[in-house]
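Undergrad: Can you look at this prediction? I've put the sequence above it.
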Amino acid sequence: AQSVTQLDSQVPVFEEAPVELRCNYSSSVSVYLFWYVQYPNQGLQLLLKYLSGSTLVKGINGFEAEFNKSQTSFHLRKPSVHISDTAEYFCAVSGLGGSQGNLIFGKGTKLSVKP
Amino acid sequence: KAGVTQTPRYLIKTRGQQVTLSCSPISGHRSVSWYQQTPGQGLQFLFEYFSETQRNKGNFPGRFSGRQFSNSRSEMNVSTLELGDSALYLCASSIRQGGGNTEAFFGQGTRLTVV
């Protein structure tokens, strides 16, 4: 079984400042890792994913994440945030097994970007 | 390419009634998963269908059921509605290559309110 912990429920930050949203996971098997963003009254949009290969993954809107297997972490970063980045961000894992196609989500981190 | 379409967007039902939600996946996607999102429990996996067969199921009571049609469209049904079933219900479609879920695309969700 897998689990995901997002260490911060809310992160306030000023516009143009850097931000890091933290995510740790637990799994007895290899996993795929994802970050999704959700704007109010919307579904989830994929920001980036780690399947294999390079541990530094670049996504849309200037976001990137680094997979750290030894620390079982997949933290999301952006060097300079904009007001439009205000949203809720979800880290998720999916097992590689045939019966594990579903995503396990963290509780989410609400990013609030202030002018 | 059209995205994942969920209908209706909003629903208000009375306790004890039943409800059916619909999801049309992206063309060519054969896997459809359903998730429930609430402020208290976050995003929880309901079930996954692939090629008209339920492949994976979350920890929800039998009042929650689903099905998938030959064109990959899916419906989920909730019978004997309870106040706690009020939530945003999200549908996700994916190609579902091999064992793992390499990328899921979400619809905008159906907001169900039980009164």
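TA: It's in.

Undergrad: only C-alpha atoms for contact and neighbour calcs from this point on.
TA: Will do.

Undergrad: ok, now which ones touch residue B:36?
TA: B:42-46, B:87-90 (CA atoms under 8 Å, 6 or more residues apart in numbering or on different chains).

Undergrad: Could you give the bridge partners of the residue nearest to it when sequence neighbours are not counted?
TA: Among residues not flanking residue B:36 along the chain, residue B:89 sits closest, at 4.7 Å (CA to CA, 6 or more residues apart in numbering or on different chains). Residue B:89 has these beta-bridge partners by DSSP bridges: residue B:36, residue B:110.

Undergrad: ok, now which ones touch residue B:89?
TA: Counted by CA under 8 Å, 6+ apart, residue B:89 has contacts B:34-37, B:109-112.

Undergrad: Likewise for residue A:60?
TA: Contacts of residue A:60 (CA under 8 Å, 6+ apart): A:47-48.

Undergrad: Give me the pLDDT for it.
TA: The model reports residue A:60 with a pLDDT of 94.

Undergrad: if I look at it, how far off is residue B:13?
TA: Relative to residue B:13, residue A:60 is positioned 38 Å away (criterion: CA to CA, to the nearest Å).

Undergrad: ok, now residue A:50?
TA: In terms of CA to CA, residue A:50 sits 40 Å off from residue B:13.

Undergrad: In terms of neighbours, single out the busier of those two.
TA: Neighbour count, other CA atoms under 10 Å in any protein chain shown: between residue A:50 and residue B:13, residue A:50 has more, with 21 against 16.

Undergrad: Which residue lies nearest the spatial centre of chain B?
TA: Nearest to the mean C-alpha position of chain B, by CA atoms, centre = their mean, lies residue B:34 at 2.9 Å.

Undergrad: three-state assignment of it?
TA: Classification of residue B:34 using DSSP: H, G, I helix; E, B strand; the rest coil returns strand.

Undergrad: number of nearby residues for the residue nearest to residue A:11 when sequence neighbours are not counted?
TA: Nearest in space to residue A:11, with sequence neighbours left out and distances taken as CA to CA, 6+ apart, is residue A:111 at 4.9 Å. For residue A:111, the count of nearby residues is 22 (other CA under 10 Å).

Undergrad: Can you pull out the low-pLDDT segments for chain A?
TA: For chain A, residues meeting the criterion pLDDT under 70 lie at A:96-101.

Undergrad: List just the nearest of the contacts of residue B:89 to residue A:11.
TA: residue B:37 (20.7 Å; CA to CA).

Undergrad: what number of residues lie near the closest one?
TA: Neighbours around residue B:37, by other CA under 10 Å: 18.

Undergrad: My read is that it contacts residue B:43, right?
TA: Yes. With contacts counted by CA atoms under 8 Å, residue B:37 reaches residue B:43, the gap being 4.4 Å.

Undergrad: Which strands border the worst-scoring helix or strand of chain B on mean pLDDT, and is each parallel or antiparallel?
TA: Ranking every helix and strand in chain B by mean pLDDT, DSSP states H and E puts strand B:53-57 at the bottom, with a mean of 89. When sheet partners are counted by DSSP bridges, strand B:53-57 sits next to strand B:42-50 (antiparallel).

Undergrad: now the strand it pairs with, how far from the chain's geometric center?
TA: Mean C-alpha position of strand B:42-50 versus that of the full chain (CA atoms, centre = their mean, to the nearest Å) differs by 7 Å.

Undergrad: Stretch B:25-33 now?
TA: Distance, centroid of stretch B:25-33 to centroid of chain: 12 Å (CA atoms, centre = their mean).

Undergrad: Kindly tell me how buried residue 27 is, as a neighbour count.
TA: Let's take chain A. Neighbours of residue A:27 (other CA under 10 Å): 14.

Undergrad: The chain in question should be chain B.
TA: 16.
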